[in-house]
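show me the folded form of this:
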Amino acid sequence: MKFLELAEKRFSVRKFKNQPIEKEVLNSILEANRFAPSAMNLQSQKIFVAQSEEALNVVKRFTISHYDAPCILIVGYDKELITPDTEDYLLITDPAIALTHIMLQATEMGVGSVWVRSCDFDGLLYELKLPSTFVPMALMPLGYPSDDYVPSEKHFARKALDEIVTYL
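Coordinates of the predicted model:
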């Protein structure tokens, strides 16, 4: 699939089948994260994969935006890597690029995804006993889209190129 076709095909999925993601498919999705560009190639992004029933139940207690996905990624960065030169990249850019790579690879593999920020991250970190150096940025529920799920109408509303690009 060509890149623009892949980018156009990707949409946020908020209704998943009750079907686990096969290990090799999930590994392919996570592998895409490794090739995401990062500031000074620090690769500061860290991902915790919630897929056991116990871990998913903990996540569900701290966000309503879990959509009963069979796998939820908790994505952030390692704050021990922060320096004055890297702070902006670690806080936003590097994990965001990694999440984008993950979403696009998931789409290519037939797996749906949605980027979620609404979460009590402090409670989640405490309950899951995640490292104190981990700073979460987002959740990414993953799973096979339900057969009857369709993209939101908003997905198809795209501005014309000349509305968002100006040549100087």
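
please make it C-alpha for all contacts and neighbour counts, starting now.
Fine.

all the helices of the chain, residue numbers only.
Taking DSSP state H, the helices of the chain run over residues 3-9, 23-34, 53-62, 87-88, 94-108, 121-128, 161-164.

and the fifth one, how far out from the chain middle?
Between the mean C-alpha point of helix 94-108 and the mean C-alpha point of its chain there is a distance of 6 Å (C-alpha atoms, centre = their mean, to the nearest Å).

change the start of the numbering to 696 and stick with it
Yes, from this point I'll number from 696; that puts the last item at helix 789-803.

what is it packed up against?
If you count contacts as 3 or more C-alpha pairs under 8 Å, 6 or more residues apart in numbering; DSSP states H and E, helix 789-803 packs onto helix 698-704, helix 718-729, strand 740-745, strand 766-773, strand 807-808, strand 829-838.

out of the ones you listed, deepest packed?
strand 807-808 (a mean of 28; mean count of other C-alpha atoms under 10 Å).

give me the mean pLDDT for that one.
On average, the pLDDT along strand 807-808 is 98.

name the helices or strands packed onto that strand?
With contacts taken as 3+ C-alpha pairs under 8 Å, 6+ apart, strand 807-808 sits against helix 789-803, strand 829-838.

residue 756 is nearest to which of those?
Each of these has some distance to residue 756 by C-alpha to C-alpha; the shortest is strand 829-838, at 13.4 Å.

show me what the closest one is packed against.
Under the contact criterion of 3+ C-alpha pairs under 8 Å, 6+ apart, strand 829-838 touches strand 766-773, helix 789-803, strand 807-808.

so can I have TSV of these showing distance to residue 826?
As requested, these are exported to TSV (distance: least, C-alpha to C-alpha, whole Å):
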stretch	distance to residue 826
strand 766-773	9
helix 789-803	17
strand 807-808	25
